[in-house]
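K.L.:
Here's my sequence, what's the structure:
(chains A, B, C, D, E and F)
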There are 4 protein chains.
Amino acid sequence: MGSTGPRGRIDKRQAILDAAFTVFAREGYAQAGVDAIAAEAGVAKATVYNHFGDKETLLHEAVGVCADRALTDNLAVVERLAGGEDLRETLEDAGFRFLQCYCDPRSTALRRLLAAEINQFPDLLDIVDGRAADRVTDALADRLARLAVAGRLRIDDPLQAAEQFAALLTGPAATRSRFGTRDVSEEELRSVARSAVGTFLRAFGSVD
Amino acid sequence: MGSTGPRGRIDKRQAILDAAFTVFAREGYAQAGVDAIAAEAGVAKATVYNHFGDKETLLHEAVGVCADRALTDNLAVVERLAGGEDLRETLEDAGFRFLQCYCDPRSTALRRLLAAEINQFPDLLDIVDGRAADRVTDALADRLARLAVAGRLRIDDPLQAAEQFAALLTGPAATRSRFGTRDVSEEELRSVARSAVGTFLRAFGSVD
Amino acid sequence: MGSTGPRGRIDKRQAILDAAFTVFAREGYAQAGVDAIAAEAGVAKATVYNHFGDKETLLHEAVGVCADRALTDNLAVVERLAGGEDLRETLEDAGFRFLQCYCDPRSTALRRLLAAEINQFPDLLDIVDGRAADRVTDALADRLARLAVAGRLRIDDPLQAAEQFAALLTGPAATRSRFGTRDVSEEELRSVARSAVGTFLRAFGSVD
Amino acid sequence: MGSTGPRGRIDKRQAILDAAFTVFAREGYAQAGVDAIAAEAGVAKATVYNHFGDKETLLHEAVGVCADRALTDNLAVVERLAGGEDLRETLEDAGFRFLQCYCDPRSTALRRLLAAEINQFPDLLDIVDGRAADRVTDALADRLARLAVAGRLRIDDPLQAAEQFAALLTGPAATRSRFGTRDVSEEELRSVARSAVGTFLRAFGSVD
DNA sequence: CATGAATGAGTTTTCATTCAT
DNA sequence: CATGAATGAAAACTCATTCAT
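P.N.:
Predicted structure coming up:
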C-alpha cells in the first residue's frame, strides 16, 4: 500500500543528506559533484535540487544534521560522568568514550570539512558551535564542578579545567589519528585516556 | 640589461609559490584557480605551468615551503627552552612563543589546508610531518627530559609529557581562535600559556 | 457542491490559455517555463499537461485564441466603415480605431510572438493568417470598393489600396510604438490617422 | 608564416559574430545554444566565451554588427536618391533598392530577432535605432525636402512624407514576404515599388 | 482529473592544460 | 622561457515531461 507514499519523500531527503555528507567529507565541497551525491543517494541529480535548491544549502543542512548527531553522542557521554566509587576509573571510562566520539569517522570528517570550508562559509561555524562544541565543554565543566563540590577534585575554574581535560584527551588522539587518516585502535584510545586522566588527576585530584 | 637574468627566474618562482600558498589557503585546492594564482603572482598562467608542470605539483611545493618555515620557527622556540632561574616563567615564555607560532596566519592556513586536502593528497602528510609536526614534539620532549634529569620536573615518559604540554597549549588556543577565524590577542595567548603551565607544573613539577 | 463540476474544467482551461499567452508573449516560447505558466494560471504543472499534452500544442492553441480575438476586433472596426456625410471624418475615425486594435498590447504581443517563433513553428502563420491578417485586408478592400463604386474614391485596385491604407496607418504607428515598447497616446494615434487619411485622400480622393 | 598570427584572432572573432547572428536569427536567443554557435563558427565553445564573456554580450555585439551593415546599405540607397530627369523612374528605382535592403535575409532576420527579444533586452533597440532605423528615415526626409525645394514635390512635412513613403514600400512588401518566410521575387518588389511611387506621387507630386 | 515528486537530457559557464609565437 | 589564445572535459543548475497517488 502506501509504502512509497509521503514516506518516500522523507526517505529520499535523508538519503540525500547522508550521501551529501559522505561525499563532501570525502572530496571537499568544491571537488564534490552534485552528480556524485545524487548517485550515492540513489536519486536523480534534479531530485537533489528539488529538495535543497542548491549545493550550498545542501552543505549547510548536511553539516547541521551531522553536528546534531555529534552533539547528542557527546552529551550522552558527558552526562553519564558521575562520581562512582573509583574516580580514576570513572574519568578514564568517560575519557575513553569521549575519544570514541571524537575519533568516530563522521566526527573526524566533520572537523576536516569545517576546517576546509570555514573561509568560504563562515556561517558553518555557527551551525556547529551553536549545536555542538561549546555545549559539550559546558556540560563537562558542570560535571567537574559537581565533583569539586563533592570534594573529589580541586578545581578553581571548572570551564578551564574542562577545556584542559578535553585537550589532554583530544590532542594526543589527534596526533595518533593523523588527521583521521589512520584508524586508532580501542587499545590506543584507552591508553591515551589513561595518560590524560593520570596527568589530570595529578593536577586536579584531591589529596585523600 | 640583465635584469631578467637568472635572478628573474628565481624571483618568479618564489612569487608563484607564495601566491599559490596564499590562494590555496584562501580558497582551497579545488576552488583555487591557476588563473588566480598567476594573477596574484603577476605572471601569465602558462608561466606557472612552465615552472611547476601542474596544479598538484604546485600544491605540494607550496605546502613544502610553508612547512619548512613553520618547522624553523617552532624549533627556534623550542630550542630556546632551557631551564632559567624561574622554571614557571621559562615555561610560560616558551609556551607563549609556541602559541604565537601556532596562531600565525600561515600556520593556521597550513593546518586548514592540510585538513582539507588530506583525503585527496595523503602524501601531503608526509611532507609536513617529515618536516614539521613530529620533529617539534621530539625536540620538546628532549628539552623536558633535560629538565627532568636536572631534577626540575618529574617525568616518566618525556614524549608523552611533551604531547600533553603541547595539547594543553594548543587545545584552548584552538577553541579561542575558532579555526583561525578570530584573531587571538597577545593577552589571551599569555593567559592560555599561564593556565597550561600551571596545570602542567601541578602534574609534573618537582616538589622543591 | 458542484463548484468544481464541468465548469471548473473549462475555467481552468481558459485560465491556462490566458496564462500561456501572457507568459509566452512576455518571455518568448523557449524562455517561457511551463512552471511559470502553471503558476500564472494557478494550477499544478501536471494539469497543464493533462489539458494540452505538450508545450508546443499549448503555444498553438494560445496563439489561435488570441488571433481569433484580434480578427473579431479588427472586423468590427472595418465593418463599421461606411460612407457617412463627411468621408474624411469617416476614414479618420476608422483609421483611428484600426490603430487602436493594432496597438493593443495583445495584438502587439501576438505580432512579436509570431515574428519570434515563425522559424521554429511555421504553421503559426497559417493559424494567424487564416484567421486574421488577410481577412481584415480583404474586408477593408470591400469597403473601399463600395466607396469607389459610390464615386467617393477613385480606386483601380481595391486590394492594393487597402494594403496601402493599412500601411500608411500602421507604418508610422509601428515606428512610434518602438516594437510595442512605448505606449502611444490616443492623441498620437489620432494624429497618425489624420496624416494617413490626408495622404490617402490626396492620392485616391475623388475631385468633387 | 605569420598567416595564423594575430590575424587568426580577428578572423575567429568575426567568424563567431557571423555564426552567432546566423544561429540567433534561426533559432531565437533562448533556443540558440552556444554549442551550436561555436560549431557554426568552427571554434571550441570556450573560445566563444574567451571572446565575448557571455551569451548576452554575444547577442548584443552580433546585433550591433548587423545593424551597422544594414545602416550602411540603406544609406547608400537613400543617398543616391537625387532628382534625375524622370522623377517617377528615380523614385521607383530608389524604392526598389530600398526594398531589396528591406527584404535581404539578414535585415529580415534582424527585425525578427529584435521583435523577439525586445522584451528581454530592451537595450537592443538603442543599438539598432541609434545606428539604423531613424537615421535612414532622416536621410530620406532630407532627399525629399530637396526635391520639394526644387519644386518637383509638394511636401509640407518632409519627415512625415518620408515615413509614409517608407510605409507604402515596406507595408505591402512585408505582407508578401510573410515574416520573411517567403522569398519575394525581384518582379514583385518592382511592382510594389511602382504602386507605392504611384500613390506617393498622386499625393505629393507637383502638377507640372 | 488534479497534483507533488522524480527524472533524463540539455544549458551556460568554468578551468586545467596545451600550443604557437 | 614568457605569453596570449584555444580547447576538451566537467560542473552547477534547469526544464519539459512522466508517474503514482
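
K.L.:
Thought residue A:92 was touching residue A:193, still the case?
P.N.:
Yes: counting by CB atoms under 8 Å, residue A:193 does reach residue A:92; the two are 5.1 Å apart. Every C-beta, even on glycine, is put in place using the N, C-alpha and C of the backbone.

K.L.:
More neighbours: those two, which one.
P.N.:
Legend: neighbour count by other CB atoms under 10 Å in any protein chain shown for residue A:193 and residue A:92, higher for residue A:193 (24 against 20).

K.L.:
From chain C, how far off is that one?
P.N.:
Using CB to the nearest CB, to the nearest Å, we find residue A:193 at a distance of 57 Å from chain C.

K.L.:
again, but for residue A:157
P.N.:
In this view, residue A:157 and chain C are 59 Å apart by CB to the nearest CB.

K.L.:
and that residue, how many neighbours?
P.N.:
Count around residue A:157 with other CB under 10 Å applied: 13.

K.L.:
elements contacting whichever strand or helix holds residue A:144?
P.N.:
According to DSSP states H and E, residue A:144 maps onto helix A:133-149. Where contact means 3 or more CB pairs under 8 Å, 6 or more residues apart in numbering or on different chains; DSSP states H and E, helix A:133-149 is packed against helix A:55-79, helix A:158-177.

K.L.:
Could you point out the helix or strand that follows the longest one?
P.N.:
Reading on from helix A:55-79 to the C-terminus, the next helix or strand found by DSSP H and E is helix A:87-103.

K.L.:
That following helix vs chain B: in contact?
P.N.:
No: on the criterion CB under 8 Å from any CB of the partner chain, helix A:87-103 is out of touch with chain B, staying 11.9 Å away.

K.L.:
what residues does that helix touch?
P.N.:
Applying CB atoms under 8 Å, 6 or more residues apart in numbering or on different chains, the set of residues contacting helix A:87-103 from outside is A:70, A:73-74, A:77-78, A:80-84, A:107-108, A:147, A:152-153, A:165-166, A:169-170, A:173, A:177, A:180, A:184, A:189-190, A:192-194, A:196-197, A:200-201, A:205.

K.L.:
Drop anything exposed from those residues.
P.N.:
The neighbour-count test (16 or more other CB atoms under 10 Å in any protein chain shown) marks A:70, A:73-74, A:77-78, A:81, A:107-108, A:147, A:152-153, A:165-166, A:169-170, A:173, A:177, A:180, A:184, A:189, A:192-193, A:196-197, A:200-201, A:205 as buried among the contacts of helix A:87-103.

K.L.:
The closest residue to DNA strand E within chain A: how many residues sit nearby?
P.N.:
DNA strand E sits closest to residue A:46 of chain A, with a gap of 2.8 Å, by CB to the nearest atom of the strand. Neighbourhood size, residue A:46 [other CB under 10 Å]: 10.

K.L.:
which SSE is it in?
P.N.:
Going by DSSP H and E, residue A:46 is in helix A:45-52.

K.L.:
buried set for that helix?
P.N.:
For helix A:45-52, using 16+ other CB under 10 Å, the buried residues are A:47-48, A:51-52.

K.L.:
ok so, going back, can you list the neighbours in contact with the helix holding residue A:144?
P.N.:
A:71, A:74-75, A:78-79, A:81-83, A:87, A:153-155, A:158-159, A:161-163, A:165-166, B:175.

K.L.:
Phi, psi for residue A:82 please.
P.N.:
Main-chain torsions, residue A:82, degrees, to the nearest 10: phi -120, psi 160.

K.L.:
should've said residue A:205
P.N.:
Here is the backbone geometry of residue A:205 (degrees, to the nearest 10): phi -70, psi 150.

K.L.:
bridging residues for it?
P.N.:
Beta bridges link residue A:205 to residue A:153, judged by DSSP bridges.

K.L.:
who's in contact with it?
P.N.:
Neighbouring residues of residue A:205 by CB under 8 Å, 6+ apart: A:87, A:153-154.

K.L.:
Which stretch among the helices and strands packed on helix A:133-149 is buried most, on average?
P.N.:
Of all the helices and strands packed on helix A:133-149, helix A:158-177 has the most neighbours on average by mean count of other CB atoms under 10 Å in any protein chain shown, namely a mean of 22.
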